[in-house]
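In: Any chance you can model this:
(2 chains)
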Amino acid sequence: MGMSLQQIVFGVLSIISIISALGVILSKNPVTSVLCLIVTFFTIAGHYIMLNAQFLAVVHIIVYAGAIMVLFLFVIMLMNLNAEIEPQKRSWLKYAGAISGGALFLVLLGALREADVTPIQPGATDIGLISNLGKTLFNQYVVPFEVSSILFLSAMVGAVVIGKREA
Amino acid sequence: MNIDWFFILEKIVLISGVLVISLVVAMYSTWGERKVASIIQDRIGPNRAGFMGLLQPLADGGKLFFKEEIIPGNSNRFLFILGPSLAMIVACMTSAVIPWGDTLTIAGHTVSLQIADINIGILYIFGVVSLGVYGIMLGGWASNNKYSLLASVRAASQIISYELAMGLSLIALLMMTGSLSIKEIVEQQRHGGWNVLYQPLGFLIFLVCSFAECNRTPFDLSEAESELNGGYHLEYSSMKLGFYLFAEYINMFISSALMSSLYFGGYSFPYMDSLGLAPNLVTILGTAALFIKIICFLFFFMWVRWTIPRFRYDQLMRLGWNIMIPLALANMLITGAIVLYRSTH
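Out: This is a model prediction of the structure:
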């Protein structure tokens, strides 16, 4: 007892996000992996809502779950990947992957073990609400914002150029 | 813990009510569709089950429930069932942020006829709409049928393409209203004029895009029976097919409600504040006004379906990318310039 509603929600969300994240890498079927990743994105959006960052949560859903994952699903469906036609990986590749992944895990663990994170008061910050975010973005950070939009523009132009070359 | 039981009860009643109303409206839309088709084609239409065929949707539903359920042998069973379920869930989710009416006062409590008035209402709708494509894609792919896959790929690219123009047309509306909460947008229209007067082009783009998002004729290429043997739900039978067909009608209902709320004043009607009636009565009349607007839109959806033939796929893409998006961008630019001009003068 003694758990607040927020802690219960946080616990449930965290458990689901860890299970679905494991599902992404453990499932044999790529389509199931994509679906697990979508569930993970939803739970992360849930965490954003817990932090009172509704805008971030909904944009996370729109961009990642609604757009990028659809493209992933597209590619996987059209290539028709499945367990039977997956090429057999060489065994040294598996060992290399396991060792480098484990090393990264150790480094992260070492770095975060001693880290001192000041807890955020849940619900106390209003920075994630859309009007505050917009004002901050367009007053304080307007130059970086515009620079990143140029980056997007160049990506769009690049896509059009690649598309035109074939025609 | 201090729990406001009245609040929970209110929300449960509201959610169930909205869900039941969406399902009933969707059910009778199928009847309406057949009647409208029969009038346009100079036929009688369904007239056997009940008075004027009014029991026909029940008969159809019962038939679908009792049909044999066939799951193709080499399909992915889990995804095959997930597809129609997702289509149905996503269709029902959008109704949460639509204001179905103003506030009612019951025994000293003020009850808002909106399930959730969140300050990102429009973005929420976008999030849900962008998920709508999964039901179609998963169903089409899991069927393990070339026609289904082709149809689901068509549907997905169509929905993604028209989502862009839809979003751009909404941005112009947002620049004008300055709010993402649908309730606030409706309240602004209650005191000012309807948004369609200020955003005619934006409304037109939104209307065309919602036809495309709902997979309605002339954009129903994903179920073009003459080319694809029926489309993404080719392998489906029984109520799973019913869910796909039903989700389309719920989507139609919700997008009609959305268009009424965003551009046609939602639950507000002319002179509603100067009638001198009791507030509760005005709220009920407002909800009735909203439903009249919705029914007009539903009729328009059907009217177009039985009037305009289907586009070719390249025409559909050209309309989306070369006409709708530039028009929406121009609309955005003009709106932005006017908003800027009015804020400085």
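In: List the residues that contact the residue nearest in space to the middle of chain A.
Out: Using CA atoms, centre = their mean, the residue of chain A that lies closest to the mean C-alpha position is A:Phe41, 5.8 Å off. Going by CB atoms under 8 Å, 6 or more residues apart in numbering or on different chains, A:Phe41 touches A:His60, A:Ile61, A:Tyr64, A:Ala65, A:Met69. Yep, even glycine has a C-beta here, placed from its N, CA and C like the rest.
In: what about stretch A:51-67, near chain B?
Out: Yes. Contact of stretch A:51-67 with chain B (CB under 8 Å from any CB of the partner chain) involves A:Gln54, A:Phe55, A:Val58, A:Val59, A:Ile61, A:Ile62, A:Ala65, A:Gly66, A:Ala67.
In: Which of these fall within strands?
Out: Residues of the residues of stretch A:51-67 next to chain B located in strands (DSSP state E): none.
In: Taking chain A, what residue is nearest to chain B?
Out: With distances taken as CB to the nearest CB, chain A approaches chain B most closely at A:Gly66, which sits 2.7 Å away.
In: ok so, going back, which element, helix or strand, includes the residue nearest to the centre of chain A?
Out: helix A:30-50 (DSSP states H and E).
In: quick one: that helix to chain centroid distance?
Out: 8 Å (CA atoms, centre = their mean, to the nearest Å).
In: May I see the buried residues of it?
Out: A:30-49 (16 or more other CB atoms under 10 Å in any protein chain shown).
In: Over to stretch B:52-68?
Out: Using 16+ other CB under 10 Å as the test for burial, stretch B:52-68 gives B:Gly53, B:Gln56, B:Pro57, B:Asp60, B:Gly61, B:Leu64.
In: Let me know the average pLDDT across it.
Out: Stretch B:52-68 carries an average pLDDT of 86.
In: rewinding a little: same list as before, the contacts of A:Phe41 that is, but in CSV and with neighbour count and pLDDT included.
Out: Compiled in CSV, these are given as follows (neighbours: other CB atoms under 10 Å in any protein chain shown; pLDDT from 0 to 100):
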residue, neighbour count, pLDDT
A:His60, 21, 88
A:Ile61, 24, 89
A:Tyr64, 18, 88
A:Ala65, 22, 86
A:Met69, 19, 87
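In: pretty sure B:Leu170 contacts B:Phe206?
Out: Yes. B:Leu170 lies in contact with B:Phe206 (CB atoms under 8 Å); the separation is 6.9 Å.
In: neighbour-wise, which of these two wins?
Out: Taking other CB atoms under 10 Å in any protein chain shown, B:Leu170 and B:Phe206 do not tie; B:Phe206 has more neighbours (27 against 24).
In: So which bits of chain A are right by chain B?
Out: So chain A meets chain B at A:5, A:29, A:31, A:35, A:38, A:54-55, A:58-59, A:61-62, A:65-67, A:70, A:73-74, A:77-78, A:129-131 (CB under 8 Å from any CB).
In: now the helices for chain A?
Out: A:5-26, A:30-50, A:54-60, A:69-79, A:91-113, A:130-139, A:142-166 (DSSP state H).
In: Any idea which of the ones you listed gets closest to B:Phe6?
Out: Among those, helix A:5-26 comes nearest to B:Phe6, with 18.3 Å by CB to CB.
In: just checking, A:Val58 touches B:Tyr124?
Out: Yes. Proximity of A:Val58 to B:Tyr124 meets the contact threshold set by CB under 8 Å, at 5.8 Å.
In: In terms of neighbours, single out the busier of those two.
Out: A:Val58 (26 against 23).
In: so how far is chain A from B:Met272?
Out: B:Met272 sits 29 Å away from chain A, going by CB to the nearest CB, to the nearest Å.
In: Quick check: which element contains the closest residue to that residue other than its chain neighbours?
Out: Take B:Met272 and drop its neighbours on the chain: the residue closest to it by CB to CB, 6 or more residues apart in numbering or on different chains is B:Val282, 5.8 Å away. Using DSSP H and E, the element containing B:Val282 is helix B:279-305.
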